[in-house]
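Asker: pasting the sequence and the predicted model now:
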Amino acid sequence: MTLKLITERDRPISADHFVLVDANFFENITLQCRFCDEKDDGQPKNWYKADTLQKEPSEIIPDMENEPELNKVVIHSDRSLSIHNFTEEDGGIYFCRIYGENEVNTEFNYFVDVVDETFADIESGNLSDWKQYYEELFAPINKIFKESKGPEAVRVRDELKISMEIMTDWQRWSKCVCDKPGGKRVKTQKGVCRIKFRTELENNTIKYDNDMLFLKVGEISCRSIRLRKFFPDISNRTNVIPDFIHSENCEETCSPDKDGANVGWKVGKTKGYKYKKTFVLMEKSHLTLICPESTLDNKVVWTKRGKTIKVGDTITPVVGQDEPHMYVDSFNTLYLVNMTTAEESNYTCQVDDIQMQRIVIHIVSKSKFLSGELVRHLGYLGFVLLLTVPCYCAGLVVTWWRRRSFQTYEDYMKEKSRKNKFLKLEINS
């Protein structure tokens, strides 16, 4: 889960400043309406969302389902906002305002941007390794931003008067962690790839809303989906740049259990899920899932949207249906049978409390799936016809053009008669 707070208490708050939040697909994020390390003041607050700066923000209404795991948008008692299973449609500008007050110092602004981790990779090392990483990956692209004659770079640099630079945005140091009892002590710091936007002018040349948003936020992820839409050439250069994990030795007293999110060697837990998969399946499909690295001696727990699926349970998607669509057998294997849209969800499995695998399943209607297959095969047929029809037509044209050089039936019969006479003469002789 991504948790974002506005950290600096003395940071000026205004309608022109936004805190950038990166959100991965199907991630859960939480936005706070307070400064870091401060408690909620108890005042009523409202959350608003707008897709762009020019659109009037609309108030966010939380979901009120009876089952908590079905609620996508939740406003908690401390006025924080949670969005589950984040998608591209959820991206945009979020405002938290104290109810009934319009002063800018009562407003917290976030720009939540969806990032594509398809090409995500991570490099690691010390500060010297990072310098080499910068020279090999950042410096060439920064030079392109300054000197390129490409239409996107020219537009940003010369028309909008905005300078761009790829930089590393360093996050906080982790706690000092032992790699093993009595072993070395290491702390890490993650650096994420960012494109910084700057201008020294009162930029009145900006006409488009997204250009102004990038400038007001001041930075954006190198793998931003929004950047890909409006600056595809720039995005193609930056979305393959890996993040960097900077590690250093530390002298503080460390414990494998000191960081609750990473208990280290003691039980083998890791942050996040070790394996991640995504399936796009047609309705009425069947799927069998086995939790990796598990045996009958392990304790395996399957969940759907955080709700545990017990061994032997048979769950139907709609009340009143007798046919089970999902169950777990005694060998800890999850079966999804004759799947419907009710089975479209996030599934996870844990092995002895270790987060082992997360699976995202999307269900596509049969008509849509078959239509896509038909369009794809029609494309193949069109390609074959494109190759064969011109050749066939060319053969017809050549045949017609040389029609007088072909042997006629009369000529054939004369030739045959002549050969027969010749054979008879040979026989008689």
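Answerer: Done, it's in.
Asker: and the longest strand anywhere in the chain, what's buried?
Answerer: Using DSSP state E, we find that the single longest strand of the chain is strand 185-198. Across strand 185-198, burial judged by 16 or more other C-beta atoms under 10 Å covers 187-195, 197. Any C-beta I mention is one placed from the backbone N, CA and C, and that applies to glycine too.
Asker: and if you look at stretch 283-302?
Answerer: For stretch 283-302, the neighbour count (16+ other C-beta under 10 Å) marks 283, 285, 287, 289, 291, 294, 300-302 as buried.
Asker: hang on, Glu56 in a strand?
Answerer: No: counting by DSSP: H, G, I helix; E, B strand; the rest coil, Glu56 is not found in a strand; it is coil.
Asker: backbone dihedrals for it, please?
Answerer: phi -70, psi 130 (degrees, to the nearest 10).
Asker: check contacts around the closest residue to it other than its chain neighbours.
Answerer: Closest residue to Glu56 apart from its sequence neighbours, by C-beta to C-beta, 6 or more residues apart in numbering: Ala50 at 6.9 Å. Residues counted as contacts of Ala50 (C-beta atoms under 8 Å, 6 or more residues apart in numbering) are 56-58, 92-93, 95.
Asker: wait, Ser221 sits on Val112?
Answerer: No: assessed by C-beta atoms under 8 Å, Ser221 is found out of contact with Val112, at 11.2 Å.
Asker: check contacts around Val280.
Answerer: Contacts for Val280 (C-beta under 8 Å, 6+ apart) come out as 362, 364.
Asker: before we move on, what about the one 10 residues further on?
Answerer: Going by C-beta under 8 Å, 6+ apart, Ile290 touches 332-334.
Asker: can you pull up the bridge partners for the residue nearest to Glu56?
Answerer: Note on Ala50: beta-bridge partners by DSSP bridges are Ile93.
Asker: how about the contacts made by the spatially most central residue of the chain?
Answerer: For the chain, the residue nearest the mean C-alpha position is Asp116 (3.7 Å; C-alpha atoms, centre = their mean). Counting by C-beta under 8 Å, 6+ apart, Asp116 touches 25, 223-225, 228, 239.
Asker: can you list the residues you listed in a markdown table and add distance to Gln350 and neighbour count?
Answerer: Output for these, formatted as a markdown table (distance: C-beta to C-beta, whole Å; neighbours: other C-beta atoms under 10 Å):
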| residue | distance to Gln350 | neighbour count |
| --- | --- | --- |
| Phe25 | 22 | 16 |
| Arg223 | 29 | 25 |
| Ser224 | 32 | 26 |
| Ile225 | 30 | 17 |
| Arg228 | 34 | 17 |
| Asn239 | 32 | 21 |
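Asker: which helix runs longest in the chain?
Answerer: Longest helix in the chain, counting residues (DSSP state H): helix 366-401.
Asker: quick check: next helix or strand after that helix?
Answerer: Following helix 366-401 in sequence order, the next helix or strand is helix 409-428 (DSSP states H and E).
Asker: just say helix, strand or coil for Arg97.
Answerer: Secondary structure of Arg97, per three-state DSSP, is strand.
Asker: returning to what we had before: save the contacts of Ala50 as TSV, and put in pLDDT and distance to Thr399 too.
Answerer: TSV is the format used below for the contacts of Ala50 (pLDDT from 0 to 100; distance: C-beta to C-beta, whole Å):
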residue	pLDDT	distance to Thr399
Glu56	79	70
Pro57	82	72
Ser58	85	70
Gly92	85	65
Ile93	86	68
Phe95	85	75
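Asker: and the furthest pair within those?
Answerer: Farthest pair in these (C-beta to C-beta) is Glu56 and Gly92. Separation: 12.7 Å.
Asker: against Val186, how distant is Asn249?
Answerer: 6 Å (C-beta to C-beta, to the nearest Å).
Asker: ignore what I typed, I meant Phe244.
Answerer: Separation of Phe244 from Val186 (C-beta to C-beta): 15 Å.
Asker: excluding its backbone neighbours, what's nearest Leu31?
Answerer: Leu81 (4.7 Å).
Asker: so what's the one you found up against?
Answerer: Leu81 sits next to 30-31, 33, 47, 60, 73-75, 94, 96 when contact means C-beta under 8 Å, 6+ apart.
Asker: and Leu281, by the same measure?
Answerer: By C-beta under 8 Å, 6+ apart, the contact list for Leu281 reads 287, 339, 361-364.
Asker: ok, so of those residues, who is nearest Cys391?
Answerer: Lowest distance from Cys391 to the contacts of Leu281 (C-beta to C-beta) belongs to Val364, with 38.0 Å.
Asker: phi, psi of that closest one?
Answerer: Reported as degrees, to the nearest 10, the phi and psi values for Val364 are phi -110, psi 140.
Asker: quick one: residues contacting it.
Answerer: Each residue near Val364 by C-beta under 8 Å, 6+ apart is listed here: 280-283.
Asker: phi, psi for the residue lying closest to Val74 once chain neighbours are set aside please.
Answerer: Counting by C-beta to C-beta, 6+ apart, Ser82 is the residue found nearest to Val74 once chain neighbours are left out, at 4.4 Å. Reported as degrees, to the nearest 10, the phi and psi values for Ser82 are phi -120, psi 140.
Asker: how close does Asn346 sit to Val280?
Answerer: Following C-beta to C-beta, the distance that separates Asn346 from Val280 is 14 Å.
Asker: just Lys45 next, same as before
Answerer: 39 Å.
Asker: Lys196 now?
Answerer: For Lys196, the distance to Val280 - C-beta to C-beta - is 36 Å.
Asker: follow-up on the earlier one: so what's the residue nearest to Leu31 bridging to?
Answerer: Leu31, Ile75.
Asker: could you list the low-confidence segments of the stretch 201-350 of the chain?
Answerer: Within the stretch 201-350 of the chain, the stretches with pLDDT under 70 are 201-211, 252-272, 313-324.
Asker: that's a strand at Met164, yeah?
Answerer: Yes: assigned with three-state DSSP, Met164 falls within a strand.
Asker: enumerate every residue touching it.
Answerer: Going by C-beta under 8 Å, 6+ apart, Met164 touches 145, 156-157, 195-197, 234.
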